[in-house]
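Predicted structure and sequence below. I'll ask about it afterward.
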Amino acid sequence: MKGLTKAIKRTPHMMGSKVGMSKKSNDPEFDDYQRNFATLESATEKFLKDTKAFSDAVNTLFTSGSGFAQHFSVLFHPIASEYDLLGKFPEAAHTIRNVDACHTALEELRVSISPELELIESRVSGPVRELQGIMKAIRKMITKRDHKLMDYDRFNNSLTKLRDKKEKSLSDEKNLFKLEQDFEAASNDYDTINAAMKQDLPRFMTLATRFIDPLFHSFYYMQLNIFYMLLEKINQFSEGKYTVDMPASEIATEYEEKRGDSAAVVEALSIIQRIISTSKLVAQNRGSPGASSLGLGVGRSPSTASTPTLGRAASSASTSTASSRAVPPASSFAKKAPPPPPGAAGKISAPPSPVPPAAAPPPYSPSMGGVASAAAAAAKRAPPPPPPPIKPKPAAASYVVALYDFAAQADGDLDFKVGDRIEVVERTDSPEDWWTGRLDGRTGVFPGNYVQEE
């Protein structure tokens, strides 16, 4: 909490010094030491990173080399009991006999390198990390020195402004006395830590140079030892088997001579050619002209060429498929039955029995005699007066209450929520049918089984 309070007090002076409104002191001698120390910090960090990168790269190098030799050995021992490489390729006998030895040599080299890498970690990386810990403590002291310098400048500026004031009040005199005491304390603190830093920083950098110099030599000789072990192991393996002083151009020429036409032979093998599947071949034959006349169908008789069955008679599944693709009758385009209510999802109800349409009455054919007599009677009597118009009685509105939520499924549907009061405009005797209703000025159809009488 004390540090936070000081940081808040230093903030105005720090902002003012950045924009040039406050005076800021500096020490050229200490600034030079601080730049050298920052360079030493950066170099130490890079040295540690490079040491770790070297160890990881060497470990990866020998691990990959051992894996390469192992896989190369597997390639030359496909099936020892069934495929005789030495008998069929005697010119490759030298390589076939040495692949296992190469794998053994590289695996031994990988195992023998591990202690050297651990030595780099313990004798180089470890001491450098200890040096970094010491440098972090020095960096904290430099930060503390910067804070003391900021306090010195802050009190110095305040004291200078108050002294330069021409007319001082009693409060100014009291503040002047307090500022003089604070300035004196800040000056003593800054002078003490600044003098100590200017005295100890050069000594530390000299000692750091003495400390880093043997680390560099140790790291150099450890690298040299790793390369020497690699060269020695490879020379031991190649002794009496291979010539290691052959130039790269001769190696490439000898490789081309030994390879011969093997690449062309491999490319001509049928197993690496593109294979067309039977289904694609059949599809191509179906699309080619004259395929049916040439009998290119697979396992089908000529009589069924137009309907491919692949050697099978038409089953009920194909019949049902054909029937499902037939054009539906006109009645199927009528509005489908309303959905069952949500509460009846698990219940299976028998469909309502269809009501047969009423038979039309037979045509009326009056007799000729009846027509003549009726015409004579109508001529003798005057026409009756027209009856007075009957005023239709207003039908009482019928309402239902929604039992479930219903969302419109098509244009013309009336959607509603549970508890809505719906005016019935038109209905049927069966609740398993679509009724017409009105709600909030909207008119549409809705399922009758989603409502109940009010």
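Here it is on my side, so go on. Numbers count the residues shown, from 1 in each chain.

low-scoring stretches of the stretch 101-250 of the chain, by residue?
Scanning the stretch 101-250 of the chain for pLDDT under 70 picks out nothing.

any chance you could map the helices in this structure?
Secondary structure of the chain (DSSP state H): helices at 2-18, 28-75, 85-88, 93-120, 126-164, 170-238, 248-259, 262-267, 278-287, 316-325, 368-380.

Packing partners of the fourth one?
If you count contacts as 3 or more Cβ pairs under 8 Å, 6 or more residues apart in numbering; DSSP states H and E, helix 93-120 packs onto helix 28-75, helix 85-88, helix 170-238. For glycine as for every other residue, the C-beta is placed from the backbone atoms N, C-alpha and C.

Would you mind giving the orientation angle of that helix with respect to helix 126-164?
On the basis of axes from the mean of the first three to the mean of the last three Cα atoms, to 10 degrees, helix 93-120 is oriented at 40 degrees to helix 126-164.

between helix 93-120 and helix 28-75, how big is the angle?
Going by the same axes, to 10 degrees, helix 93-120 makes 150 degrees with helix 28-75.

tell me which residues in helix 93-120 are buried?
For helix 93-120, a neighbour-count test (16 or more other Cβ atoms under 10 Å) marks 98, 99, 102, 103, 105, 106, 107, 109, 110, 113, 117, 120 as buried.

What's the separation between the second one and residue 112?
In this view, residue 99 and residue 112 are 21 Å apart by Cβ to Cβ, to the nearest Å.

can you check residue 445 too?
From residue 445 over to residue 112 (counting by Cβ to Cβ), the distance is 89 Å.

one step back: reformat the helices and strands packed on helix 93-120 as CSV; add mean neighbour count and distance to residue 428.
Shown next, in CSV, are those (neighbours: other Cβ atoms under 10 Å; distance: least, Cβ to Cβ, whole Å):
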stretch, mean neighbour count, distance to residue 428
helix 28-75, 14, 81
helix 85-88, 10, 89
helix 170-238, 14, 96
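
Show me the one of those helices that comes nearest residue 426.
Comparing the helices and strands packed on helix 93-120 against residue 426 with Cβ to Cβ, the closest turns out to be helix 28-75 (83.5 Å).

got the angle between the closest one and helix 170-238?
With the same axes, to 10 degrees as the basis, helix 28-75 and helix 170-238 are set at 30 degrees to each other.

Tell me, how many residues neighbour the nearest residue to residue 95 once chain neighbours are set aside?
Spatially, and ignoring its direct neighbours in sequence, residue 95 is nearest to residue 76 (7.1 Å; Cβ to Cβ, 6 or more residues apart in numbering). For residue 76, the neighbour count with other Cβ atoms under 10 Å is 15.

same check, this time on residue 447
Neighbour count for residue 447, taken as other Cβ under 10 Å: 21.

and it, what are its bridge partners?
Assessed by DSSP bridges, residue 447 has beta-bridge partners residue 434.

pretty sure it is in contact with residue 339, am I right?
Yes: between residue 447 and residue 339 there is a contact at 6.3 Å, judged by Cβ atoms under 8 Å.

where's the residue lying closest to residue 423 once chain neighbours are set aside relative to residue 398, distance?
Closest residue in space to residue 423, ignoring its immediate chain neighbours: residue 438 at 4.4 Å, by Cβ to Cβ, 6+ apart. Using Cβ to Cβ, residue 438 is found at 11 Å from residue 398.

Residue 252 and residue 258: what is the separation?
Here residue 252 is placed at a distance of 11 Å from residue 258 (Cβ to Cβ).

can I assume residue 51 is in contact with residue 124?
Yes: applying Cβ under 8 Å, one finds residue 51 in contact with residue 124, separated by 5.6 Å.

Between the two, which contacts overlap?
Listed contacts common to residue 51 and residue 124 are residue 219; contacts here mean Cβ atoms under 8 Å, 6 or more residues apart in numbering.

Could you list the low-pLDDT ranges of the stretch 301-450 of the chain?
For the stretch 301-450 of the chain, the stretches flagged by pLDDT under 70 are 301-337, 342-385, 387-395.

do that again at 90, thanks
Low-confidence regions of the stretch 301-450 of the chain, defined by pLDDT under 90, span residues 301-398, 408-412, 429-432.
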